[in-house]
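Novice: sequence? don't have it. structure:
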């Protein structure tokens, strides 16, 4: 019996330890999977004609003749949409109509003044026009079909009035007739509700198709184009077809989301065909095509992170990391060489080793504080530089942070050089220094390089140390080492937290962070391959 | 032609016919060169020591004005952190507690998983399978903290809110799950090293006495490697307490001590997140600015102590491994 229990516990334990490793792999997949899946969409996606317009305008990319043809094709389908909305609006958007009638009245007054008629006549026509305007306003604002009919009929009986012919007053009648027609099809009690809904619909159509042809170009770049991506267009289409409402069904219960079809909401009105039309013709209106937008990695982003790519961020990251490696590599290799080749186990060396470990344990945010207090406020101004966050300060801070990693990697590489090599060199009469330069260092170089690459990948992902020493979320490209720069790491933070524009374009959010992760994983992969090769070589010899 | 050969012969033999004795001057020069070179290398190597001193000096220098103007007791023992109020209040207790709270709950997840995984790698699985698992851990270690923070904020937090019914996705549980993933590689690699450093003879003796693998690991390998495992946990704790981006993005940044204490679904604010979040908005030379450096000093001291503890345990692990 006891034997069985022991056997079972042994097996169970084996399974338990295996599970923990499976869990690790699972966690890795969970973390990387969704991010990479969504991030890849920043580069490979179905674009629309709006995207091609944007590329041509902002980056001067693409074929303008082809685009014009495409534009003309899509316009023919888009016209219908605008027409349906405009027609429906007549019966609904009464405020605009009231404004228009007031405008007509004012216009009429101006006209009469220059017509050369007697004062009496002027007063008479004018009071008539005022009456027409007021009646029209009553009709427009009323919810009662009877009142509307009464007033419109009253207005229309002056249709053939000689005094009013050839003046702006003709527009009154056109307006009144238009309105009479459009009123026939709608439930007037729902007008308020329709007006609110219509506003939403117009907004969605604006985001979907871009500004209406003929309208003035919006001031914001992001408003100048409709849905640039097919997935975005589908999302907007869904919003267009279904309205979402939060409704409290029971007291003291959380609100429940209800999806209601807009086509049903507008059933029986002139707007009803719009939904079916857009759903069926969206492809023709936007012309989606699968693209690989590789320029994502070199394009500047504009405005915010709404359009474009991560070019400046990649550049900034490379600048920072390479500069940091430039500072730290010689220091790290020399320190490692001393620790391996020259140092005996005395108190000074022990203190140095201890301080390297301490340095490795300092929290990254404290490095940020140190960079701010030392490099930004003290060290760079000491040599006449500007006392502000800049690339130089950030890369120096990162260099300090990565020094222990560099020393440990180089130490390992130098230590792994076989003793026999060194002894052969020393036996030939070379000095210790010469042996290191001519024999040990070349053999250890691939290992040291691995260390450099690993430190590089560590530095590229660090965010906290550069928060106060040289990273900005958005800004111009750096012109000198004394300018701050955008980086992938800080950009990933900012785009996830601070950037409201970016919330609307999740593919760009994920694209940024996936670029960072892939960059780092690539560096790591290179390091792993290099290391495997070295160990094979050293084993073979 | 002959002349050239003769010359070459002369050149190649030049010096060989002389005795191998250096002149005093050459001897002195060689001696000086050797020792001055070593001194120079030593000085360069000292730079890391110098950097540690500089870090302590400059962070403490900026914190001193705070310590002279405000009381240290209030800083460490009260909870109200209103640095911009009039008069400002600097009670960092809830921040310190928040840091420890997140760290310890992360360790609760990470330590069992990490030690089990370390045992799996060192004792159970073959070398070939190990070569497949190692890269997984290396990738987990390589993913930058801001990417973990991004995941916590945009993937995990919405899941928590919509699928698991939390009131807010940015809470202690979220932060500590992600932190535990980040700490795992450290714990696994250090613990695995120390468990595999336990001599083969010990294990074989145990097997020879009829113990199962489970008993061997639990009664022989782990007790023998305990100081290395403790060092692994301490190093993991050091990593977790100093982590900034993840806790800043995932912990919710609410300045409070959770009550009841076991409620992981509440938001907290940590020391690192406070520094990162507030530094951008404080003018240099204000009490708020100094107070952030004072928090930095607290962090620095904490990690320094943890570092000394881990060094002690690592050294004793090394001594034991050498003894067998």
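Specialist: Sure thing, it's come through. Bear in mind that the values here come from a model prediction, so they are computed numbers and not experimental data.

Novice: Just the element for residue B:278, please.
Specialist: Using DSSP states H and E, residue B:278 sits within helix B:271-278.

Novice: which of the residues in that helix are buried?
Specialist: B:271-276, B:278 (16 or more other C-beta atoms under 10 Å in any protein chain shown). Any C-beta I mention is one placed from the backbone N, CA and C, and that applies to glycine too.

Novice: now do stretch B:182-200
Specialist: Those would be B:182-198, for stretch B:182-200 by 16+ other C-beta under 10 Å.

Novice: Pull the residues that contact stretch A:250-261.
Specialist: A:241-249 (C-beta atoms under 8 Å, 6 or more residues apart in numbering or on different chains).

Novice: rerun at 10 Å
Specialist: With contacts defined as C-beta atoms under 10 Å, 6 or more residues apart in numbering or on different chains, stretch A:250-261 is touched by A:238, A:241-249, A:267, A:275.

Novice: now for these, which pair is the farthest apart?
Specialist: A:248 and A:275 (27.6 Å; C-beta to C-beta).

Novice: who's more crowded, those two?
Specialist: residue A:275 (21 against 10; other C-beta atoms under 10 Å in any protein chain shown).

Novice: before we move on, the earlier item: quick check, nearest of the buried residues of helix B:271-278 to residue A:6?
Specialist: For these, the nearest to residue A:6 is residue B:272 (46.6 Å; C-beta to C-beta).

Novice: Which residues are in contact with the closest one?
Specialist: Residue B:272 neighbours (C-beta under 10 Å, 6+ apart): A:363-366, A:368, A:464, B:95, B:98-99, B:102, B:241-248, B:251, B:295-296, B:299.

Novice: What of residue A:449?
Specialist: Taking C-beta under 10 Å, 6+ apart, we find residue A:449 in contact with A:329, A:409-410, A:413, A:526-527, A:530-531, A:534.

Novice: ok, residue B:208 - how many residues close by?
Specialist: Neighbours of residue B:208 under the rule other C-beta under 10 Å: 8.

Novice: typed the wrong thing, it's residue B:314
Specialist: If we define neighbours as other C-beta under 10 Å, then residue B:314 has 21 of them.

Novice: Distance of it relative to chain A?
Specialist: Relative to chain A, residue B:314 is positioned 9 Å away (C-beta to the nearest C-beta, to the nearest Å).

Novice: From what I see, residue B:103 and residue B:234 are in contact.
Specialist: No. Look at residue B:103 against residue B:234 with C-beta atoms under 10 Å: they stay out of range, at 11.4 Å.

Novice: rewinding a little: export the buried residues of helix B:271-278 as a markdown table, with columns for distance to residue B:264 and pLDDT.
Specialist: Shown next, in a markdown table, are the buried residues of helix B:271-278 (distance: C-beta to C-beta, whole Å; pLDDT from 0 to 100):
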| residue | distance to residue B:264 | pLDDT |
| --- | --- | --- |
| B:271 | 19 | 90 |
| B:272 | 19 | 91 |
| B:273 | 17 | 90 |
| B:274 | 20 | 90 |
| B:275 | 24 | 90 |
| B:276 | 22 | 89 |
| B:278 | 25 | 86 |
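
Novice: nearest to residue A:129, of those residues?
Specialist: For those, the minimum distance to residue A:129 (C-beta to C-beta) is 65.9 Å, reached by residue B:278.

Novice: Which residue comes closest to that closest one once chain neighbours are left out?
Specialist: Residue nearest to residue B:278 in three dimensions, not counting chain neighbours: residue B:292, with 5.8 Å by C-beta to C-beta, 6 or more residues apart in numbering or on different chains.

Novice: Quickly find the element holding the one you found.
Specialist: helix B:287-323.

Novice: Would you mark the buried spots in that helix?
Specialist: In helix B:287-323, counting by 16+ other C-beta under 10 Å, buried: B:287-300, B:302-304, B:306-307, B:309-311, B:313-314, B:317, B:320-321.

Novice: Also stretch A:101-115?
Specialist: Within stretch A:101-115, judged by 16+ other C-beta under 10 Å, the buried ones are A:101, A:104-105, A:108, A:112.

Novice: Then stretch A:485-500?
Specialist: For stretch A:485-500, by 16+ other C-beta under 10 Å, it's A:485-496, A:499.

Novice: ok, and of those residues, which contact chain B?
Specialist: Restricting these to those within reach of chain B (C-beta under 10 Å from any C-beta of the partner chain) leaves A:487-496.

Novice: In strands only, show me those residues.
Specialist: Using DSSP state E, no member of these falls in strands.

Novice: so can I have a markdown table of those residues showing pLDDT?
Specialist: Below are these laid out as a markdown table (pLDDT from 0 to 100):
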| residue | pLDDT |
| --- | --- |
| A:487 | 90 |
| A:488 | 90 |
| A:489 | 90 |
| A:490 | 89 |
| A:491 | 88 |
| A:492 | 88 |
| A:493 | 89 |
| A:494 | 87 |
| A:495 | 85 |
| A:496 | 85 |
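
Novice: Am I right that residue A:243 sits in a helix?
Specialist: No. Under DSSP: H, G, I helix; E, B strand; the rest coil, residue A:243 sits outside any helix and is assigned strand.

Novice: thinking again about what came up before, pull the most distant pair out of the buried residues of stretch A:485-500.
Specialist: For the buried residues of stretch A:485-500, the farthest-apart pair by C-beta to C-beta is A:485 and A:496; their separation is 19.1 Å.

Novice: now the stretch 251-400 of chain A, which segments are flagged as low pLDDT?
Specialist: Applying pLDDT under 70 to the stretch 251-400 of chain A flags residues A:268.

Novice: For chain B, what's the nearest residue on it?
Specialist: Residue of the stretch 251-400 of chain A nearest chain B, by C-beta to the nearest C-beta: residue A:363 (2.6 Å).

Novice: Let me see the contact set for that residue.
Specialist: Applying C-beta under 10 Å, 6+ apart, the residues near residue A:363 are A:369, A:464-465, B:238-239, B:241-244, B:271-272, B:275, B:296, B:299-300, B:302-303.

Novice: tell me, how many neighbours does the nearest residue to it once chain neighbours are set aside end up with?
Specialist: The shortest distance from residue A:363 to any residue other than its chain neighbours is 2.6 Å, reached at residue B:242 (C-beta to C-beta, 6+ apart). Using other C-beta under 10 Å, residue B:242 is surrounded by 25 other residues.

Novice: Output those of the buried residues of stretch B:182-200 also counted as contacts of chain A.
Specialist: B:184-185, B:188.
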